[in-house]
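Would you be able to build a 3D model of this:
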Amino acid sequence: MSKIIITCAVTGGAHTPTMSDALPCTPAEIAEQSIAAAEAGAAILHLHARIPEDGRPTGDPDVYNQFLPVIKQRTDAVVNITTGGSATMPLAERLRAAVRFKPEMCSLNMGTINFAMFPAAKRVSSWKHDWEKDYILGSDDFIFRNTFRDIATILETMGEAGTRFEHECYDVGHLYNLAYFVDSGAVKPPFFIQMIFGIMGGIGPDLENLMFMKSTADRLFGKDSFQWSVLAAGKYQMPFLTQAALMGGHVRVGLEDSLFIERGQLAVSNAQQVEKIVRIIHEMGHEPATPSEARIMLGLKGGDRVEF
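Below is the predicted model:
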């Protein structure tokens, strides 16, 4: 029986409030859904913040401070704060919350990509907030910047706080970018690779690509140097996670990655997705890792050394 780390990405910065009433936007909603996801079996909570009034992505630490202490008080889950924010944020804005709160984990995007959501606008006839339509349609011109200098800045800045990283790899070249930082000594084992499939602008959601990404990581790093996880966007979420679990990987769910629980049916919460992947894992004969087990597997500093 193997232990599988479940990460839940609670709200993200890509989807907008019109797309799902279940998407948490206020600090109270983010806290409530994070706690429920942890109770359902998520060991790691990957967190973004949104402006409460209209759901717009924000890097404002004061907004994070309205939900981080609540989550810490009511769960033992590992808190993973984004350094990606949204594709429209400059790096300084993306880093503000992580620098202030010094979490156990941060996300770290391992390369620059086009990050597009504009086809989703075709499915929306009216928007709740004025900013949403331009944000989604304008993504045909988004460049999600993560240069080598940006990556080095995040590694240095957050590494000083003892924070470790969810290394987000949207394409095979990002594994080679990570290899550069491993070879230079800036990233040390055991590191955590999040392989991402199905984002428009990244590697496609084909199972052959999953095999290719995993074999490339094994070749670059050696199987004992890293833990690996998979997320897949939209309808590919659960099939890809099931395959990853069969291959010995960890999994990530959450409304950041998919708004659905099954084909044509919106999820009612993040916890619903966690519960579904827990059932799948159990049926395979595996168990979800506890937060304490995840901390050991990933070499984390512990929840007593954060600043929230």
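
What is the three-state secondary structure of the closest residue to Leu108 other than its chain neighbours?
Distances taken as C-beta to C-beta, 6 or more residues apart in numbering put Phe165 closest to Leu108, at 4.2 Å, once the chain neighbours are dropped. The way it works is simple: take the backbone N, C-alpha and C, and place the C-beta from them, glycine included. Recorded secondary structure, Phe165: strand (DSSP: H, G, I helix; E, B strand; the rest coil).

Hmm, Pro103 and Phe165 touching each other?
No - with contacts counted by C-beta atoms under 8 Å, Phe165 stays clear of Pro103, the gap being 10.6 Å.

between those two, who's got more neighbours?
Pro103 (29 against 26; other C-beta atoms under 10 Å).

Pull up the gap between that one and Ser34, please.
Separation of Pro103 from Ser34 (C-beta to C-beta, to the nearest Å): 13 Å.

and what of Met213?
For Met213, the distance to Ser34 - C-beta to C-beta - is 28 Å.

So those two - more neighbours on which side?
Between Met213 and Ser34, counted using other C-beta under 10 Å, Ser34 has the larger neighbour count: 29 against 22.

got the CA positions of the host helix or strand of the more buried one in CSV?
Element membership of Ser34 [criterion: DSSP states H and E] is helix 27-40. Taking Å, rounded to 0.1, in the frame of the first residue of the first chain, the C-alpha atoms of helix 27-40 are listed here in CSV:
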residue,chain,number,x,y,z
PRO,A,27,-11.6,35.1,2.4
ALA,A,28,-14.4,33.3,4.3
GLU,A,29,-15.2,31.2,1.2
ILE,A,30,-11.6,30.3,0.6
ALA,A,31,-11.1,29.4,4.3
GLU,A,32,-14.3,27.3,4.4
GLN,A,33,-13.5,25.4,1.3
SER,A,34,-9.9,24.9,2.2
ILE,A,35,-10.8,23.4,5.6
ALA,A,36,-13.4,21.1,4.0
ALA,A,37,-10.9,19.9,1.4
ALA,A,38,-8.4,19.1,4.2
GLU,A,39,-11.0,17.2,6.2
ALA,A,40,-11.9,15.3,3.0
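
Quick check: nearest residue in space to Gly111, chain neighbours excluded?
His174 (4.2 Å).

who touches the one you found in this structure?
His174 makes contact with Asn109, Met110, Gly111, Glu168 under the criterion C-beta atoms under 8 Å, 6 or more residues apart in numbering.

Please consider this matter closed, and thank you.
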